[in-house]
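In: The following block contains a protein sequence and its predicted model.
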Amino acid sequence: MAFSLADIQPTHRKAPPRLLIHGVPGIGKSTFGASLDWPIFIQCEDGLDGVEAQAFALATSFDDVLAQLKTIFEEGREHYKTIVIDTVDALERLIWAKVARDHKCDSIEELGYGKGYIFALNHWQTLLTTLNFMRQNGFAICLLCHTSVKRFQSPTTEAYDRYELSLHKGSAALLVEWADIVGFANWVVITRAEDAGFNKKVVKGIGTGTRKLHLSERPAWIAKNRYGLPDEMDFSWEAISAALNDEA
């Protein structure tokens, strides 16, 4: 195929964002998802109690998730603007179950040598291809995920703990690469040293009740964004949307 300089075009953001939000328990991930523009939830776990939202019935298989996405595309384009998957770590368990079922095993671990997790990546890729198609047709995508503290083996320093997605390392890497925004939501905590007697100090954490969304990676957490957003923002879609509009 031949090319010329006439084929060159400037790049700019056309499609809605792809968000991947992970955070500590009780931080309000589902509430955040429900605050996006005209959201429809795909539930992979039963976690919407107390949250006002439009949602499909609980998905019990990976095929259910794909079928619900198909329904949104065929019937919901005039009603919804954002697809929220709550949560992708629960979805991962559905994918593992599909891999085991396809290979006539009771568990993905029975395949041995990590083969099951490689097969799982094929299903993740199918999902992301579908979500990209939905995005090109005007849907914003928001994936919610629990977080966990894991030991990070740094190649340049001693190992240390950090907040990471509660996913297998292969699928976590795939989703982080795919997303335009990876946000880590946490409470703002301050520490105070108190005298414990006998010339000893005890450090206590004090909650402030303030929630922040971190949008740049630090040693303590996984995060990123492709839009030049601030490193830290209030944990609200209103704040992010305003920043995205300013950036555009």
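Out: Received, thanks.
In: ok, now how distant is the nearest residue to V84 once chain neighbours are set aside from L128?
Out: Setting aside the residues directly before and after it, V84 is nearest to G33 in space (CB to CB, 6 or more residues apart in numbering), at 3.9 Å. Any C-beta I mention is one placed from the backbone N, CA and C, and that applies to glycine too. As judged by CB to CB, to the nearest Å, G33 and L128 stand 18 Å apart.
In: For those two, indicate the residue with more neighbours.
Out: Neighbours per residue (other CB atoms under 10 Å) separate G33 from L128, with G33 holding more: 25 against 18.
In: quick one, what contacts the more buried one?
Out: In this structure, G33 makes contact with 21, 39, 41, 53, 82, 84, 86, 142, 144, judged by CB atoms under 8 Å, 6 or more residues apart in numbering.
In: what about it, which helix or strand?
Out: helix 29-34 (DSSP states H and E).
In: same question, L144
Out: strand 140-152.
In: Show me what that strand is packed up against.
Out: Counting by 3 or more CB pairs under 8 Å, 6 or more residues apart in numbering; DSSP states H and E, the packing neighbours recorded for strand 140-152 are strand 18-23, helix 29-34, strand 82-86, helix 88-102, helix 115-136, strand 160-165.
In: Can you tell me the strand partners of the first one and which way each runs?
Out: Yep, that's strand 18-23 we're talking about. Using DSSP bridges, strand 18-23 pairs in its sheet with strand 140-152 (parallel), strand 181-197 (parallel).
In: Help me confirm that I21 comes into contact with C142.
Out: Yes - I21 is within contact range of C142, at 6.7 Å (criterion: CB atoms under 8 Å).
In: give the contact list for W38.
Out: Counting by CB under 8 Å, 6+ apart, W38 has contacts 79-82.
In: Neighbour-wise, give me the winner out of those residues.
Out: Ranking the contacts of W38 using other CB under 10 Å puts T82 first, with 21 neighbours.
In: Tell me the bridge partners for that residue.
Out: Beta bridges link T82 to P39, A140, judged by DSSP bridges.
In: That one is in contact with D37, isn't it?
Out: Yes - here T82 reaches D37: they are 5.5 Å apart, a contact under CB under 8 Å.
In: can you list residues touching both of those two?
Out: In contact with both T82 and D37: A140, using CB under 8 Å, 6+ apart.
In: so where's this structure shaky on pLDDT?
Out: Along the chain, the parts satisfying pLDDT under 70 run over 11-14, 190-208, 247-248.
In: If anything else comes up later, I'll come back, but that's it for now.
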